[in-house]
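Visitor: Sharing a model prediction with you, sequence too.
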Amino acid sequence: MNTYNILNQPFRKYFGILFVILIISNKIFSQTNLYSKLNQEAKGQNIRITFTKGKNFNHPLMAFWVTSTDGQYIQTLYVSESIAKGIYQHGKAKEGKWLPGEHLHPAALPFWAFSRNIKEDNGIFLPTPQNPIADAYTGATPQSNFVIETKLDNILKGKAIVYFEINQPFDFNDYWHNTKYPDNQEYKNSGQPSIVFGVIVDFDNPEPEYYLNPLGHGHPAGENGKLFTDLSTLTTALNIVGKIKIEIY
């Protein structure tokens, strides 16, 4: 064995070990749950939301909220900060750079927005910088798996629906392509419409855990709060979410 091979043997050995460690660490990091607490001063039941991302998860916007079984809005549990405040990190361009700025995106989460049913002076059912959602119900959008511990504002009796809506900007496919509605800028900012998940929860006698299932999609341009139950035209959007578990305690 020549001197070159002898000197490089340990290096190759330790490089291989380091490479394996990096792969394992990256896998563990990618699966680690981000954790946050919201609305802890409230008086209602505790709710733990555990979200596992799907393979196409990439900077989506999202909201969790509760309604009665006949659709009456009760409260928001969590909504992405850019929607809650009406300020996006890339809201305006100045001197060739993207800067935070005011922006309203009706196509993002229309089922949640119309369920909330608060119409602003501009005629849109979205929070604004002048009338934002309180910090107890919002935070930066998680960029990986996450756990949210939150509380209902007040004790809830009987059965109710926990909804979740998610949307990923510019998520086009062969059906929801970027020229489908060429004159509708709201649609062109979205592509495949939001997906709505839900589950009925018995708050008097909750099960140990509930899993939310896809129910339909929102309006592709955010023009109304209708739930469209045909998901056959959606592709990659169906893989944004892996699973969503909620626990009541």
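Guide: Yep, it's here. Numbers count the residues shown, from 1 in each chain.
Visitor: Only C-alpha atoms from now on, for both contacts and neighbour counts.
Guide: Noted.
Visitor: Show me what counts as buried in stretch 130-145.
Guide: 132-133, 136-139, 141-142, 144-145 (16 or more other Cα atoms under 10 Å).
Visitor: what residue is smack in the middle of the chain?
Guide: By Cα atoms, centre = their mean, the chain has its centre lying nearest to residue 62, at 2.8 Å.
Visitor: that older thread, will you turn the buried residues of stretch 130-145 into CSV that also has secondary structure?
Guide: Below are the buried residues of stretch 130-145 laid out as CSV (DSSP: H, G, I helix; E, B strand; the rest coil):
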residue, secondary structure
132, coil
133, coil
136, helix
137, helix
138, strand
139, strand
141, coil
142, coil
144, coil
145, coil
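Visitor: now those as a markdown table including pLDDT and distance to residue 225?
Guide: As requested, these are arranged in a markdown table below (pLDDT from 0 to 100; distance: Cα to Cα, whole Å):
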| residue | pLDDT | distance to residue 225 |
| --- | --- | --- |
| 132 | 97 | 20 |
| 133 | 98 | 19 |
| 136 | 98 | 24 |
| 137 | 99 | 21 |
| 138 | 98 | 21 |
| 139 | 94 | 24 |
| 141 | 90 | 22 |
| 142 | 92 | 25 |
| 144 | 95 | 28 |
| 145 | 98 | 28 |
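Visitor: Tabulate the residues you listed (TSV), appending distance to residue 70.
Guide: Output for the buried residues of stretch 130-145, formatted as TSV (distance: Cα to Cα, whole Å):
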residue	distance to residue 70
132	27
133	24
136	26
137	23
138	25
139	29
141	29
142	30
144	33
145	31
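Visitor: quick one: low-confidence parts of this structure?
Guide: 1-32, 90-99 (pLDDT under 70).
Visitor: quick one, what contacts residue 50?
Guide: Residues near residue 50 by Cα atoms under 8 Å, 6 or more residues apart in numbering: 145-148, 244-246.
Visitor: Among those, which are located in strands?
Guide: 146-148, 244-246 (DSSP state E).
Visitor: quick one, helices of the protein?
Guide: Assigned by DSSP state H, the helices in the chain fall at 3-31, 81-85, 110-116, 185-188.
Visitor: Looking at the buried residues of stretch 130-145, which is nearest residue 76?
Guide: Nearest to residue 76 among these is residue 137, at 6.6 Å by Cα to Cα.
Visitor: So the nearest residue to residue 165 once chain neighbours are set aside versus residue 213, what's the distance?
Guide: Leaving aside its sequence neighbours, residue 165 sits nearest to residue 196 (Cα to Cα, 6 or more residues apart in numbering; 4.4 Å). Distance, residue 196 to residue 213, using Cα to Cα, to the nearest Å: 8 Å.
Visitor: about what we covered before: report the beta-bridge partners for the residue nearest to the centre of the chain.
Guide: residue 166 (DSSP bridges).
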